[in-house]
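Colleague: following is a predicted model, sequence given first.
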Amino acid sequence: MKRRNLLATAAMGLSLALTGGAFAQGLDKVKACFVYVGPIGDGGWTYQHHQGAMALKEKFGDKVEIQYQESVPEGADAERVLTQMALGGCNIIFTTSFGYMDATNAVAAKFPNVKFEHATGFRRDYPNVSTYNARFYEGRAVEGLIAGRMTKSNKIGYIGSFPIPEVIMGINSYYLSAKKVNPNVELSVVWAFTWFDPAKEADAAKALIDQGVDVIASHTDSTAPLAEAAKTDGKVIGFGQASDMAEYKDGPRVTSIIDNWGPYYIERVGALLDGTYEQKDTWAGIAGGEVLIGEITDKVPADVKAEAEALRDSIAAGTYHPFTGPINKQDGSPWLAEGQVAPDADLLGMNFYVEGIVGDIPQ
Amino acid sequence: MDLGGINPVVLIATLMASAVPILLAALGETVVERAGVLNLGVEGMMVIGALGGFVVAVQTGSPVLGFIGGAVAGAALSLIFALLTQAFLANQVATGLALTLFGLGVSSLGGQGYNGIKPPPTGQLLPDALADLPVVGPIVFGHDWVVYFSIAMTAVLWWVLKSTRIGLIIRAVGESHEAAHALGYKVNRIRLGCIAFGGAMAGMGGAYVSLARVPQWVDGITAGAGWIALAIVVFASWKPWRVLIGAYLFGGITVLQLNLQVAGSGIPVEYLSMAPYLITILVLVIMSAGRKANGAPAALGQNFHASR
């Protein structure tokens, strides 16, 4: 116990010495560190975070030093990596996956002078922990509209990663939007229980296709579901996830949700440099530019494309919210009344399907 | 012919393809371990084979050359392991683990610039007329050549290990390298050959992931398949046909559980997700139960030097 205390104190002292403890006046140089859940070459989620880090480097040049570690498992390993980064003189650490939530808060407690930024989380246990997220469900609504209009079999699919609010929110938004334009639509959800496993993602896509699904949205990190859809000679379409995945433009990819983290990273590190940094909870969407809708290809008929773009613009303008009542929960109990818009808290803790989706959420 | 929304014909056809990477890698590792070498670097050799195969296929436009390239890449990486363990007598477990890390790192480096490229397709071998037959068409005739190759290799290895002189020598080296040495066999050279063969098979398995299963290159594309292959070798008691059963069980239940999810079965997803691991191990353990020896080569994991 004593030894642990000693170590923690030493660690704090070290980080204090390194950061100078002078946030009020800003820093001359910031070491920004990133923890990635997959490899940068995944072509999706992690790739986009790295693009954000690169944008940061480009913006500030010598004033910022970037350090990152790829494929860090969610769990005890993450805590070790974070501690190492904090001891290694990182001023701000971006942890870019939901599963780093506990590790981020645990390490933040030991290094009060290091800023921690946790993506897609909701716990800010200490004043040096901020969270940031993007309203991906807004993009899902646009995808859902296209799915509902484009499906011929009236079966649409969704490859889920883990049953966390973020993913469930996406499923609900996708379904509601598809249902709105096509009341006959049925949604099949497959849980892959992984963020990144191309072979399994491809298998999941194949299982959906084998059972007649012809529009696939995925919430995993690689391009494998699109590659699987590409084998069907254009019968099945899909969406770029997290990244534009433009290489499938002449194939199944009809549009995409692009995570655009660069502006946020620049804002936060900039604040650290000029001394205006504060703990924050950021949740921007299409309006804030954090979520971009990739080019809608010609595979989508012009009227559907126009409809999708109108939906995107109305979400951006704030005149439409993808979760606008009346919406019931799966069991039929009312969630949102007529015209009521979902409060953010409900979305962030979402653990139920909306009415019409079959199947149970794994608990 | 549907069972609860799942077409068994499609399911069997899919599982045969999805089991190929694990099957090939596990067959190679079976030979390696029968020769008394424990190479834990299967994952590394697979991923390097996935990259090697992908690069060669993209550059030459020929998927067949791609698979050969994958095999060469896997074998080349395994030679590092062979050098360290057979010449320098390094610890096999540590070297094998290092080989996995090395393979993942090198493939990630070498794969820069190959993200998002589509490889030439590996199509089905036999004409559509056969593949379109009901039931047997998709299961028996509808595959690409690698699927047939993997089944043929199972038979060949079974025969070689069981009934040929070279199989006897490999087993002798794996059971008692001292005795094999006393008989005049070059233990380390035989092992080197087996390691290279194992590397080539793992590399080919990896190439199947990047050229046929997923058709693209992303970092870490094999995502743990090598470890599954290693486990299957042990639970299959180092016997080729059981390796095939293990790989098909694992691949089959993986595909089945995803299909069950799509079909909306009432089974909780958690149970479905762990089913492939659980059932594969269970079946193979039950199959090998009741025998006295579990079949592990007696000299497994021990280095040999002629001076002893």
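Modeller: That came in fine, so what should we check first?

Colleague: how much space between the residue of chain A found nearest chain B and A:Lys200?
Modeller: The shortest separation between chain A and chain B is 3.3 Å, found at A:Pro39 (distances taken as C-beta to the nearest C-beta). Any C-beta I mention is one placed from the backbone N, CA and C, and that applies to glycine too. With distances defined as C-beta to C-beta, to the nearest Å, the gap from A:Pro39 to A:Lys200 amounts to 16 Å.

Colleague: repeat that for B:Ile80.
Modeller: As judged by C-beta to C-beta, B:Ile80 and A:Lys200 stand 29 Å apart.

Colleague: again with A:Ser243
Modeller: Applying C-beta to C-beta, one obtains 19 Å for the distance of A:Ser243 from A:Lys200.

Colleague: helix, strand or coil for the residue nearest to the residue of chain A closest to chain B when sequence neighbours are not counted?
Modeller: Computed as C-beta to C-beta, 6 or more residues apart in numbering or on different chains, the closest residue to A:Pro39 that is not its neighbour in sequence is B:Asp219, at 3.3 Å. On the three-state scheme (DSSP: H, G, I helix; E, B strand; the rest coil), B:Asp219 is labelled coil.

Colleague: B:Asp219 reaches B:Gly110, doesn't it?
Modeller: No. Shown here, B:Asp219 and B:Gly110 do not form a contact pair, counting by C-beta atoms under 8 Å, at 10.4 Å.

Colleague: comparing those two, which residue is more hemmed in?
Modeller: Taking other C-beta atoms under 10 Å in any protein chain shown, B:Asp219 and B:Gly110 do not tie; B:Asp219 has more neighbours (29 against 16).

Colleague: which residues does the more buried one contact?
Modeller: A:38-42, A:70-71, B:107-108, B:111 (C-beta atoms under 8 Å, 6 or more residues apart in numbering or on different chains).

Colleague: now render those residues as JSON lines, adding pLDDT.
Modeller: Compiled in JSON lines, these are given as follows (pLDDT from 0 to 100):
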{"residue": "A:Gly38", "pLDDT": "85"}
{"residue": "A:Pro39", "pLDDT": "83"}
{"residue": "A:Ile40", "pLDDT": "85"}
{"residue": "A:Gly41", "pLDDT": "78"}
{"residue": "A:Asp42", "pLDDT": "76"}
{"residue": "A:Glu70", "pLDDT": "88"}
{"residue": "A:Ser71", "pLDDT": "86"}
{"residue": "B:Ser107", "pLDDT": "92"}
{"residue": "B:Ser108", "pLDDT": "87"}
{"residue": "B:Gly111", "pLDDT": "86"}
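
Colleague: sitting in helices, which of those do you find?
Modeller: In helices, judged by DSSP state H, the following of the contacts of B:Asp219 are found: B:107-108.

Colleague: emit the PyMOL select command for whichever of the contacts of B:Asp219 are buried.
Modeller: To isolate the buried subset of those in PyMOL, counting by 16 or more other C-beta atoms under 10 Å in any protein chain shown, use the following:
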select buried, (chain A and resi 38+39+40+41+42+70+71) or (chain B and resi 107+108+111)
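
Colleague: who in the stretch 1-150 of chain B is up against chain A?
Modeller: In this structure, the stretch 1-150 of chain B approaches chain A at residues B:5-7, B:10-11, B:14, B:18, B:21, B:108, B:111-112, B:115-118, judged by C-beta under 8 Å from any C-beta of the partner chain.

Colleague: buried ones among these?
Modeller: By the neighbour-count criterion of 16+ other C-beta under 10 Å, those include these buried positions: B:6-7, B:10-11, B:14, B:18, B:21, B:108, B:111, B:115-116.

Colleague: phi, psi for the nearest residue to B:Gly41 once chain neighbours are set aside please.
Modeller: If you skip the residues right next to it in sequence, B:Gly41 has B:Leu99 as its closest partner in space, 2.8 Å away by C-beta to C-beta, 6+ apart. Dihedral angles of B:Leu99 (phi, psi; degrees, to the nearest 10) stand at phi -60, psi -40.

Colleague: before I go, just wanted to say thanks for your time.
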